[in-house]
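Peer 1: Okay, here's the prediction I keep looking at, along with the sequence it came from:
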Amino acid sequence: MRTVFADTFYFLALLDTREERHRRAFEFSRDATLQIVTTQWVIVEFGDAYSHPEDRTDFVSLYRALASQAPPKELSRISPTGSSKV
């Protein structure tokens, strides 16, 4: 299994079918040979991009799917003093 990092663009492309890279992001999301990891900061940035009331349901659905993965892989934590590596 290969581990790859998902940045904000990956999640934006994954949910936006009009995005040029949507198909590629979707293929990555279905690839069983990849372990996709991200950070809480990326999720925060993605949530900000999907904060419009019409987009929130999509964000919440994706967030819950990420949160339900067992075991969740966390690369960094958000803390009041900044980020600390796990």
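Peer 2: Received, thanks. Residues are numbered from 1 along each chain as shown.

Peer 1: C-alpha from now on. contacts and neighbour counts both.
Peer 2: OK.

Peer 1: What distance do you get for residue 26 to residue 53?
Peer 2: According to Cα to Cα, to the nearest Å, residue 26 and residue 53 sit 24 Å apart.

Peer 1: Looking at those two, which one has more neighbours?
Peer 2: Neighbour tally, residue 26 and residue 53, criterion other Cα atoms under 10 Å: the higher count belongs to residue 26, 16 against 8.

Peer 1: Test my guess that that one contacts residue 12.
Peer 2: No - using Cα atoms under 8 Å, residue 26 and residue 12 do not qualify as a contacting pair, with a distance of 10.8 Å.

Peer 1: quick one: low-confidence parts of this protein?
Peer 2: Residue ranges of the chain with pLDDT under 70: 70-86.

Peer 1: Show me the helices in it, by range?
Peer 2: 8-15, 22-30, 40-49, 56-67 (DSSP state H).

Peer 1: Quick check: which of the ones you listed is buried the most?
Peer 2: Mean neighbours per residue, mean count of other Cα atoms under 10 Å, is largest over these for helix 8-15, with a mean of 18.

Peer 1: can you state the direction angle for it and helix 56-67?
Peer 2: Calculated by axes from the mean of the first three to the mean of the last three Cα atoms, to 10 degrees, helix 8-15 forms an angle of 110 degrees with helix 56-67.

Peer 1: Can you work out which other helices and strands pack against helix 8-15?
Peer 2: Helices and strands touching helix 8-15, by 3 or more Cα pairs under 8 Å, 6 or more residues apart in numbering; DSSP states H and E, are helix 22-30, helix 40-49.

Peer 1: Apart from its chain neighbours, what residue comes closest to residue 56?
Peer 2: residue 50 (5.8 Å; Cα to Cα, 6 or more residues apart in numbering).

Peer 1: what about the one you found, how many neighbours?
Peer 2: 18.
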